[in-house]
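# My questions concern the predicted model and sequence given below.
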Amino acid sequence: MENFAEHYGSLYQTVNRCLPGIDMARIDQAVEYAREKHKEQKRKDGSPYIIHPLSVAEIVAEMGLDVDAILGALLHDCIEDTDASHEEIARLFGTTCAELVEGVTKLTRANFASSEEAQMENLRKMFMAMSKDIRVVLIKIADRLHNMRTMQYQTPEKQLIKCRETMDIYAPLAHRLGMQKVKWELEDCSLRYLDPTAYNDILSYLSAHKEKDEAFMHTIQDAISQRLTAMGIHSSVYGRVKHVYSIYRKMGAQSKNMDEIYDIYAFRVIVDTIPDCYNVLGHIHDLFNLVPGRFKDYISTPKPNMYQSLHTTVIGTQGIPFEVQIRTWEMHETAEYGIAAHWKYKQGAGEGQEKDFEWVRRLLENQQDTDAEDYVSSMKIDMFDDEVFTFTPKGKIVPLPAEATPIDFAYAIHSGVGNSMVGAKVNNRIANIDMTLKNGDIVEVLTSKAAKGPSRDWLSICKSNQARTKIKQWFKKEKREENVIHGRSSFEGEMRRIGLPLSITVDPEVGPGLLKKLSFDSWEDMYAAIGYGGLTATKAVGRIRDDINRALKAQNSEKQALQVKPEETKTDRHGVNGVIVEDIESCMIKFAKCCTPVPGDGIIGFITKGFGVSVHRIDCPNAQNRDEPHQAARWVRVRWANSEDQPFETTLELDCITRDDLLLDVATVMSTARVRMKELNGKDLPGGRTVFTVRFEVKNVEELESVRNKLQNIRNVIGSRRGQN
Ligand code: MN
């Protein structure tokens, strides 16, 4: 129990020193609470468990964190290891404290054991993202630091796992948060178990040279102090041998042994003001010989982790190079405790939480470490709100934008996985593919070879650009025909909505100009683009709207100039496909497939959604419901165009298996059928298919069908369909 009293006394002193005047009663209460909860537990070394939280709380107090964080540190293992609950802690110690404990518990439960190198940065990001409150990270780092200090009691396997994890996660995080002192200690503790031979070699080298080192450091320290005192600059000068891991790293990087490593000494001059820093620099360069290219001014350009100092490397009369760091006291505190020190100032200034987090986020986002010597190279963290970290069932981390869904997850794995997705399991339960994923969710994508590919709705459900792009690509590639139909329908809908005639697009005078403006070679291409989502109908119409209005205006004034018997013009106007729709100036016409009306039949038109007017025979079964109220408005009167001899134009599309001379055979059939051919196009499709589009004139449907039969008889023609004009 003495052990307890000793540690408690030490914590008491540290708290009083670092946070003078705080309410010790709350601290005492938390100590008692934690002691009671952990009373059955022992540390690996046999000491009472409470020693651990006491030590962690002391480290947290040294970092300069507030009372809530110290309480959180004292209670940090209570939820995980004892019967304490979040509610109870909140009731006794406040919600902030309870949330900190909860946050630390979450990090304790998460498995950050190292896997592949590529995953390390993601693990660090996830660590940050899971924490929400930066104090959680700091308590967790303090927790790890104490565990590293007492690592000798762990089994060798556990030592290796913990040390690897410390090197991969905790030391880089401490560095990023600007906590040099903590980082060094974590690194040295880890190296002791990860490479004990090298660690011991370096230690024994250092201790063998200890006297020499100290003598050298004294000489330099004295030389600097004397000069500065003489110049009236108030300063503190310290010398040290760099930490073990940094020497180890230099040996590795330069493949040298201890004797060949120079630059193991570092001196620190701490002064009161920034002008003093630069003055000191001048004196250092005057006293010793400068090593060129080693001067760095982190005062005018601080490191992203807020570190500020002047660095220079010089050589004294002994021929040994050493580094000198010059900084103010405030810079020194920041260098030692990094973000924690800054956080303390912020708290002191009474600033709100959110501002702090904003600041942390900025710090981490702007992280661009240009110091080549730094172990952790530049790595960007998008933390807290804009990313979520999920796992594959095998434990690979998949970072996604916030609010991502299983769809985003699937496409992040591979576009093939996304395209064949039929469902998802989240944390082993069947989930909707549009559910919002949370940090740590394990997602399994269910795929099927029979999957029909992504649905268009997915485009609005998914949150990542990656998924959106891949879905669009799929539609672009796989579904051209469907895209054309969808695209055409939305384009025409938009045209109608703002009252522009659809006929204008096929107007030989105007149409080509419009296409050019839209940068497409054909209307079909544009419809396809709208269909797969590469362009919106609103945008497309918006781009040509002015041109259309201008053209319409011009046409109107032309018409007025001619002005010959308007009634006659009306009756004489050309039908589309030989059909005139009453009351509608111009619109697309198609013949209903159900009843194939031919000239002479009684006909009636139905305004379809997006395809103009569909013409049925008046006795067609599908036209019998035209009096029903919700349908009535869509039925319109139509009639055959005036002249019965006037040919009407039609289009057939032929599906063929590609072979040579098909085009020739089609042309031959058309010519022997004695119909007037207007257009013949062939297009090869993937999979050995060819589609021919034949536009020609016939008098009526019988003639059309006879031509169609002849075409169908051509070898390799496997199907035909009526196209839309
Ligand atoms: Mn702990």
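Cool, the structure landed. Quick caveat, the model's predicted, so the values are computed rather than measured.

# show me what contacts the residue in the chain positioned nearest to the ion?
Of the chain, the residue with the smallest distance to the ion, taken as C-beta to the ion, is D143 at 4.2 Å. Where you see a C-beta, it was placed from the backbone N, CA and C, and this is true even at glycine. Going by C-beta atoms under 8 Å, 6 or more residues apart in numbering, D143 touches V56, A73, H76, V104.

# Quick check: which of the residues you listed are also close to the ion?
The subset of the contacts of D143 within reach of the ion, by C-beta under 5 Å from the ion, is empty.

# Residues in contact with stretch 251-261: which ones?
Outside stretch 251-261, the residues touching it (C-beta under 8 Å, 6+ apart) are A198, D201, I202, Y205, I247, K250.

# distance of the residue minimising distance to the centre of the chain from V67?
When C-alpha atoms, centre = their mean is applied to the chain, the residue found nearest the centroid is P401 (4.0 Å). If you measure P401 against V67 using C-beta to C-beta, to the nearest Å, the figure is 36 Å.

# Could you give the average pLDDT over stretch 432-447?
Averaged over stretch 432-447, pLDDT sits at 87.

# measure it end to end?
Distance across stretch 432-447, first residue to last, is 14 Å (C-alpha to C-alpha, to the nearest Å).

# Look up the pLDDT of the nearest residue to Y153 once chain neighbours are set aside for me, please.
Once flanking residues are discounted, Y153 sits nearest to K44: 3.6 Å by C-beta to C-beta, 6 or more residues apart in numbering. Listed pLDDT for K44 reads 85.

# Quick check: K44 is in a helix.
No: K44: not assigned to a helix; according to DSSP: H, G, I helix; E, B strand; the rest coil it is coil.

# ok, it to K158 distance?
From K44 over to K158 (counting by C-beta to C-beta), the distance is 9 Å.

# E36: how many residues sit nearby?
The number of residues packed near E36 is 12, by other C-beta atoms under 10 Å.

# Quick check on it: phi, psi?
phi -60, psi -50 (degrees, to the nearest 10).

# M231 too?
Here is the backbone geometry of M231 (degrees, to the nearest 10): phi -90, psi 0.

# That one contacts H283, correct?
Yes: between M231 and H283 there is a contact under C-beta atoms under 8 Å: 6.6 Å.

# The two: who's more crowded?
Per other C-beta under 10 Å, whichever of M231 and H283 has more neighbours is H283, with 18 against 13.

# wait, the residue nearest to the centre of the chain sits on T390?
No: with contact defined as C-beta under 8 Å, P401 does not reach T390; the gap is 11.2 Å.

# Okay, now the unreliable bits of the stretch 401-550 of the chain?
Counting by pLDDT under 70, not a single residue of the stretch 401-550 of the chain qualifies.

# what's around T596, how many residues?
Other residues lying near T596 total 17 when counted by other C-beta under 10 Å.

# Point out the residues in the stretch 1-150 of the chain that sit beside the ion.
Taking C-beta under 5 Å from the ion as the criterion, the neighbours of the ion within the stretch 1-150 of the chain are D77, D143.

# again, 8 Å this time
Applying C-beta under 8 Å from the ion, we find that the stretch 1-150 of the chain lies next to the ion at H52, P53, V56, H76, D77, V104, T108, D143, H146, N147.

# Closest to Y411 out of the residues you listed?
Checking these against Y411 by C-beta to C-beta gives T108 as the nearest, at 32.6 Å.

# which parts of stretch 484-493 are buried?
Neighbour counts over stretch 484-493 (16 or more other C-beta atoms under 10 Å) mark V484, I485, H486, G487, R488, S489, S490, F491, E492 as buried.

# So what touches that stretch?
So stretch 484-493 is in contact with 456, 502, 523-524, 526-532, 536-537, 540-541, 588, 609-612, going by C-beta under 8 Å, 6+ apart.

# among those, which ones are buried?
For the contacts of stretch 484-493, a burial check counting by 16+ other C-beta under 10 Å picks out 523-524, 526-532, 537, 540-541, 588, 611-612.

# can you pull out the helices in the stretch 601-725 of the chain?
Applying DSSP state H, counting those that start in this stretch to the stretch 601-725 of the chain gives helices spanning 629-632, 662-672, 701-712.

# Understood, closing this out.
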